[in-house]
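> Any chance you could fold what I've pasted below:
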Amino acid sequence: WENKITKQLLPDICIFINGTVFIIECKFQQVGGSVDEKLQTCDFKLKQYRKLFAPLNKEVKYYYLLDKKWFDKPSYQDTLNYIIDVGCGYYFNYIPLDALGLPIPEEEKNES
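Okay, the predicted model is just below:
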């Protein structure tokens, strides 16, 4: 990493599926704090991860896994919109299989 970026990045979760690197940061809050500002760093981190994986010619996607009770509030709407606007993504409580490029089991398709 030292030859590609200036600071080491240690994601909560990193999954490699079908040629795509999924970086997943998990944010679960009980009280207010610095996580508000951390959510606003996804654009920078996505660019850093893309630089890191560029020599391998791999696509990189950056997602947040957020606690719905804490983050699904009107006070977070601007931040959540920003996350989408800069090409990142977020999910509440779990990440659907299809978001990771994995097939959805037939029984789950029929339930929706």
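
> Now do the strands in the protein.
13-17, 20-27, 59-66, 89-92 (DSSP state E).

> Show the residue spans covered by the helices in the chain.
Assigned helices in the chain, in chain order: 35-38, 42-53, 68-71, 77-85, 106-111 (criterion: DSSP state H).

> Highest mean neighbour count out of those?
Of the helices of the chain, the one with the most neighbours on average (mean count of other CB atoms under 10 Å) is helix 42-53, at a mean of 17. (C-beta placed from N, C-alpha, C; glycine too.)

> Which residues does residue 91 form beta bridges with?
Each beta-bridge partner of residue 91 is listed here: residue 65, as defined by DSSP bridges.

> That one and residue 83, how far apart?
Residue 91 sits 11 Å away from residue 83 when distances are taken as CB to CB, to the nearest Å.

> Between these two, which contacts overlap?
Both residue 91 and residue 83 are in contact with residue 64, where contact means CB atoms under 8 Å, 6 or more residues apart in numbering.

> quick one: the residue positioned nearest the centre of the chain and residue 42, what's the gap?
The centroid of the chain falls nearest to residue 63 when counting by CA atoms, centre = their mean (1.1 Å). For residue 63, the distance to residue 42 (CB to CB) stands at 9 Å.

> Also residue 16?
In this structure, residue 16 lies at 19 Å from residue 42, with CB to CB as the measure.

> now do residue 1
Distance, residue 1 to residue 42, using CB to CB: 19 Å.

> For this structure, name the helix or strand with the lowest mean pLDDT.
Comparing helices and strands within the chain by mean pLDDT, DSSP states H and E singles out helix 106-111 as the least confident, with a mean of 69.

> Look at residue 97 and report its pLDDT.
The predicted local confidence for residue 97 comes out at a pLDDT of 92.

> ok, it - contacts?
If a contact means CB under 8 Å, 6+ apart, then residue 97 has 103-104 as its contacts.

> Return the distance of it relative to residue 105.
Taking CB to CB as the measure, residue 97 and residue 105 are separated by 8 Å.

> Let me see the contact set for the residue nearest to the centre of the chain.
Taking CB under 8 Å, 6+ apart, one finds 22-25, 88-91, 95, 99 in contact with residue 63.
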